[in-house]
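Trainee: Structure of the sequence below:
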Amino acid sequence: MLIFIFIYKTINYLIFIKYRYIYPYNTENDGFKYNDTFTHSSWLLFIKNRLEVVKDLLKEDGLVFIQCDDNEQAYLKVLADEVFGRENYLNQVSVKMKQTSGASGGGEDKRLKKNIEYILIYTKNMNSENGFKKFNDFYDEVELFEYLETMKQLKKSWKYTRILKSVGTKEHIKTLTDGSGEPIEVYTHKGVVLEPIKKVMEEENLTEAECYLKYFDKIMRDTNAQSSIRTRVMEGVTGDHELLSIEYVPRSGKNKNKVTTVYYKGAKCDQIAWLSDIAVKRGKYIFKLEKAGTFWDGFPLNNLTKEGGVLFPNGKKPELLLQRIIEIATDEGDLVLDFFSGSGTTAAVAHKLGRKWIAIEQMDYIDEITKTRLKRVINGEDGGISKLVNWNGGGSFVYFELKRYNQAYQDGILAATSKGELDSIYNEMAQNAFLKFWFDKKDFEREESFRALSLDDRKVLLLQVLDENQLYLNHADMLDSKFKVTQEEIALTDKFYGAPNV
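Mentor: Reported below is the predicted structural model:
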């Protein structure tokens, strides 16, 4: 097993984080295995400490996503405003995380059933020159013919009603330039075939759905979209042309730095817009893309506990949810960090999407669940988003554990089966462990009542005197011989951080 030694001021080493995903709750019965029953004030302090580290870790244009339910949501928002600054608050997203169908008894009869969780989104420095600019585009999907039926009921017109069956033959007529002086090649087309969908349906005996599916990539509308490129074409081309096209390389937008073709129709140079630009075809279905807002649903919640090939009954997030977050917040090669990684959903999705990732987990199920899931990802498991992103496996990850210190004493105390074992552990603790500042060894050992305590009560008392802030060995103590750090562990730590111990 690889051993990793904890470096107290981690922020000196992890400064390239662009995205953080956190899901802290403070509930009594959701099965979450962290200490999830803090008092309100203790919970706020617990989260505040972590948010302050998050802010240090983020890049200037980085984003943090914090998911919670409504137990502490309002207080968390105020706390996050304090840490990040209200000017760096971006959005609160509501996510449907539970089904509401069926009847239920008990306490939920007194209140509306909870089926929504919340994601708070902050950036580090909105006003910085290198700060956050915008989310990547992301969309909700609506089945096209359901959408068209709604349009009919609302008596609204639908513009994508013609098929450009053929663009004919093209002939180069002119070279224009864009605002940067780069070329715009202009072509005219002859033998163009443009027909209404209704006519094609009649001629080919097709239903509306069959026609849309067959000609999906050729269905269009024209628009007088205002753009500098269109203006240059209108001013630079004379004569009457049934159809023009241009080829150029955009300097911004979704086709940045790619050779792009745009078509213009008629004397007014109305720009052609394609159905395929606002919709996607999957098998026998077409889905219209709607710009997404701050209510997210449609994530698979049935059998979620088994997603990724590992059983994780509570707190697991759908891969599709993490896909949306990662895709709107990062680009390929960016670094994603999740320090409540649980079953490893964030890491699994980041890996499949070509992002770098760091996943941190303190619970002992990491061996059986988190690592197992990530190995399955590398081996090409086909669950979650795998089929959507054509995931076939590959890549690697390195697993480290922190060098235990007080944690080792804690484990020994909990595992002890006799008072004699506890006495041996205590004797070693008294010499080498980090103990609470108020602990007085002489007074403690003179206390006769300790000898009379039961085994379980002795365990409680010994656990109380251990300093929980020193569960793992700090980097500053790595070279102290009393902590028995091996040369192999020292070398590994230095190699991991790419810097010598200082």
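Trainee: Can you list the buried residues in stretch 145-165?
Mentor: Buried residues in stretch 145-165, counted by 16 or more other CB atoms under 10 Å: Tyr147, Leu148, Tyr160, Arg162, Ile163, Leu164. Glycine gets a C-beta too; all of them are placed from N, C-alpha and C.
Trainee: Next: stretch 306-321.
Mentor: Buried, per 16+ other CB under 10 Å, within stretch 306-321: Glu307, Gly308, Gly309, Val310, Phe312, Gly315, Lys316, Lys317, Pro318, Glu319, Leu320, Leu321.
Trainee: what about that stretch, how long is it end to end?
Mentor: 16 Å (CA to CA, to the nearest Å).
Trainee: How about stretch 328-335?
Mentor: 14 Å.
Trainee: swap in stretch 154-168?
Mentor: Stretch 154-168: ends 37 Å apart by CA to CA.
Trainee: so for that stretch, what's the average pLDDT?
Mentor: Mean pLDDT, computed over stretch 154-168, is 93.
Trainee: same thing with stretch 250-265?
Mentor: 87.
Trainee: Do a quick rundown of the strands in the stretch 351-500 of the chain.
Mentor: Applying DSSP state E, counting those that start in this stretch to the stretch 351-500 of the chain gives strands spanning 356-359, 401-402.
Trainee: ranking those by burial, who's on top?
Mentor: Comparing the strands of the stretch 351-500 of the chain by mean neighbour count (mean count of other CB atoms under 10 Å), strand 356-359 ranks first with a mean of 20.
Trainee: if we can go back for a sec, and which of the buried residues of stretch 145-165 is nearest to Arg221?
Mentor: Tyr160 (5.0 Å; CB to CB).
Trainee: how near is that closest one to Ser343?
Mentor: Tyr160 is 42 Å from Ser343, where distance means CB to CB, to the nearest Å.
Trainee: Make TSV from the strands of the stretch 351-500 of the chain and add distance to Ile490 and mean pLDDT to it.
Mentor: Shown next, in TSV, are those (distance: least, CB to CB, whole Å; pLDDT from 0 to 100):
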stretch	distance to Ile490	mean pLDDT
strand 356-359	22	90
strand 401-402	14	81
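Trainee: I'd like these as TSV, with distance to Gln470 appended.
Mentor: Converted to TSV, the strands of the stretch 351-500 of the chain look like this (distance: least, CB to CB, whole Å):
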stretch	distance to Gln470
strand 356-359	23
strand 401-402	12
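Trainee: returning to that earlier point: I'd like the list of the buried residues of stretch 145-165 that fall within helices, please.
Mentor: Tyr147, Leu148 (DSSP state H).
Trainee: Now render the buried residues of stretch 145-165 as CSV, adding distance to Gln410.
Mentor: What follows is these, written out as CSV (distance: CB to CB, whole Å):
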residue, distance to Gln410
Tyr147, 58
Leu148, 63
Tyr160, 65
Arg162, 72
Ile163, 71
Leu164, 71
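Trainee: Let me know the average pLDDT across the helix or strand hosting Glu52.
Mentor: Per DSSP states H and E: Glu52 is located in helix 40-57. Rounded to a whole number, the mean pLDDT of helix 40-57 is 82.
Trainee: need the helices for the stretch 401-502 of the chain, in chain order.
Mentor: 406-415, 419-432, 441-446, 448-452, 455-465, 487-497 (DSSP state H, counting those that start in this stretch).
Trainee: Please work out which of those is packed deepest.
Mentor: It is helix 406-415: most buried of the helices of the stretch 401-502 of the chain by mean count of other CB under 10 Å, with a mean of 17.
Trainee: which residues sit against it?
Mentor: 404, 421-422, 425, 428-429, 433-434, 459, 462-463, 466-468, 470-472 (CB atoms under 8 Å, 6 or more residues apart in numbering).
Trainee: please redo it, this time with the cut-off set to 10 Å
Mentor: 362, 364, 404, 421-422, 424-426, 428-429, 432-435, 458-463, 465-473 (CB atoms under 10 Å, 6 or more residues apart in numbering).
Trainee: can you state the direction angle for it and helix 455-465?
Mentor: 170 degrees (axes from the mean of the first three to the mean of the last three CA atoms, to 10 degrees).
Trainee: Kindly report the domain assignment for the protein.
Mentor: Domain assignment for the chain by automatic domain parsing gives 14-101+111-137+293-402, 142-290, 406-471.
Trainee: From the chain's centroid, how far away is the longest one?
Mentor: Taking the mean of its C-alpha atoms, domain 14-101+111-137+293-402 sits 6 Å from the chain's own mean (CA atoms, centre = their mean, to the nearest Å).
Trainee: what does the shortest one give?
Mentor: Average the C-alpha atoms of domain 406-471, do the same for its chain, and the two points are 42 Å apart (CA atoms, centre = their mean).
Trainee: Ok, stretch 463-483 next?
Mentor: That offset, for stretch 463-483, works out to 33 Å (CA atoms, centre = their mean).
Trainee: Same check on stretch 486-499?
Mentor: Worked out by CA atoms, centre = their mean, stretch 486-499 lies 30 Å from the chain centre.
Trainee: what does stretch 248-261 give?
Mentor: 27 Å.
Trainee: Can you give me the first-to-last residue distance of it?
Mentor: Stretch 248-261: ends 7 Å apart by CA to CA.
Trainee: With stretch 426-440 instead?
Mentor: Stretch 426-440: ends 13 Å apart by CA to CA.
Trainee: which other residues reach that stretch?
Mentor: Residues contacting stretch 426-440 (CB under 10 Å, 6+ apart): 405-406, 408-410, 412-413, 416, 422, 425, 441, 444-447, 450, 458, 461-462, 464-471, 473-474, 477, 482-484.
Trainee: List the residues that contact the nearest residue to Val377 once chain neighbours are set aside.
Mentor: Among residues not flanking Val377 along the chain, Ala348 sits closest, at 4.9 Å (CB to CB, 6 or more residues apart in numbering). Ala348 sits next to 307-310, 319, 322, 341, 357, 359, 370, 373-374, 376-378, 381, 383-386, 391 when contact means CB under 10 Å, 6+ apart.
Trainee: any idea how far Glu401 is from Ala348?
Mentor: 20 Å.
Trainee: Excluding chain neighbours, what is closest to Arg268?
Mentor: Not quite, residue 268 is Lys, not Arg. Asn224 is the one closest to Lys268 (CB to CB, 6+ apart), at 7.0 Å.
Trainee: So what does Asp467 have for phi and psi?
Mentor: Phi and psi for Asp467, reported as degrees, to the nearest 10, are phi -80, psi 110.
Trainee: picking up where we left off before, output the contacting helices and strands for the helix holding Glu52.
Mentor: The contact analysis (3 or more CB pairs under 10 Å, 6 or more residues apart in numbering; DSSP states H and E) places helix 40-57 against strand 17-22, strand 58-68, helix 73-84, strand 116-123, strand 335-338.
Trainee: Can I get the ones you listed in JSON lines including distance to Thr169 and mean neighbour count?
Mentor: Shown next, in JSON lines, are those (distance: least, CB to CB, whole Å; neighbours: other CB atoms under 10 Å):
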{"stretch": "strand 17-22", "distance to Thr169": "48", "mean neighbour count": "24"}
{"stretch": "strand 58-68", "distance to Thr169": "47", "mean neighbour count": "22"}
{"stretch": "helix 73-84", "distance to Thr169": "58", "mean neighbour count": "17"}
{"stretch": "strand 116-123", "distance to Thr169": "51", "mean neighbour count": "21"}
{"stretch": "strand 335-338", "distance to Thr169": "49", "mean neighbour count": "24"}
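Trainee: Perfect, that will be all.
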